[in-house]
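Visitor: Pasting the sequence and the predicted coordinates here, then a few questions.
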Amino acid sequence: MLMRTDPFREMDRIVQQLSGTSGTWSKPSVMPMDAYREGDEYVIAFDLPGVSTEAIDVDVDVERNMLTVKAERRPVAKADSVKVELSERPLGVFSRQIVLADTLDTERIQADYDAGVLTLRIPIAERAKPRKVSIGAGAGHKEISG
């Protein structure tokens with residue numbers, strides 16, 4: 001048997017049991033993430049432990065540059081003879097929305113899921129990369145980095 005020492009979690013559990021919300025699906029929760037630039041890509045990594053690849057839905061709305069990631073952690077089927085002593089892992093839908101910059105190429109997003117981490121790689125758009133501009137000035141001309 002497991003013993004708890006956190007009185008606040010015990011109070012939460014009692015309130016859930018009394019209100020009839022214990023064991024039900026929770027409202028959408030935010031999933032932790034990291035975002036960084038790596039070379040010519042923007043990388044976003046979401047923590048989704050215990051979520052199967054079939055339960056992840058990635059939606060990119062290019063019109064408004066909104067990236068929406070939804071995932072769902074479903075309960076594990078238990079036999080009738082199993083009595084749950086402790087249940088702290090949240091179940092239900094996890095969601096995160098991010099506004100992407102116009103400088104990202106949302107048409108070429110790549111997604112990988114490994115060890116509970118969903119990693120999205122979004123290339124920097126060609127129009128946003130630095131380039132050289134040739135300027136003609138009468139008899140000679142000069143290149144300028146832009």
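Guide: That came through fine. Note that the structure is a prediction, hence the values are computed from the model and not measured.

Visitor: ok, Val58 - contacts?
Guide: By Cβ atoms under 8 Å, 6 or more residues apart in numbering, Val58 lies in contact with 67-70, 109, 111, 118, 120. No exception for glycine: its C-beta is placed from N, CA and C like everyone else's.

Visitor: Now the two most distant members of these.
Guide: Spatially, the most separated pair among the contacts of Val58 is Lys70 and Ile109, at 15.3 Å (Cβ to Cβ).

Visitor: what are the ranges of the strands in this structure?
Guide: Using DSSP state E, the strands of the chain run over 26-29, 33-38, 41-47, 56-61, 66-73, 92-99, 110-114, 117-123, 132-137, 140-145.

Visitor: What about Gly39, how many residues nearby?
Guide: Using other Cβ atoms under 10 Å, Gly39 is surrounded by 8 other residues.

Visitor: Would you mind measuring from it to Glu72?
Guide: 33 Å (Cβ to Cβ, to the nearest Å).

Visitor: can I get the strands of the chain in a markdown table with distance to Ile14?
Guide: Formatted as a markdown table, these follow (distance: least, Cβ to Cβ, whole Å):
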| stretch | distance to Ile14 |
| --- | --- |
| strand 26-29 | 17 |
| strand 33-38 | 32 |
| strand 41-47 | 29 |
| strand 56-61 | 33 |
| strand 66-73 | 23 |
| strand 92-99 | 20 |
| strand 110-114 | 36 |
| strand 117-123 | 34 |
| strand 132-137 | 67 |
| strand 140-145 | 65 |
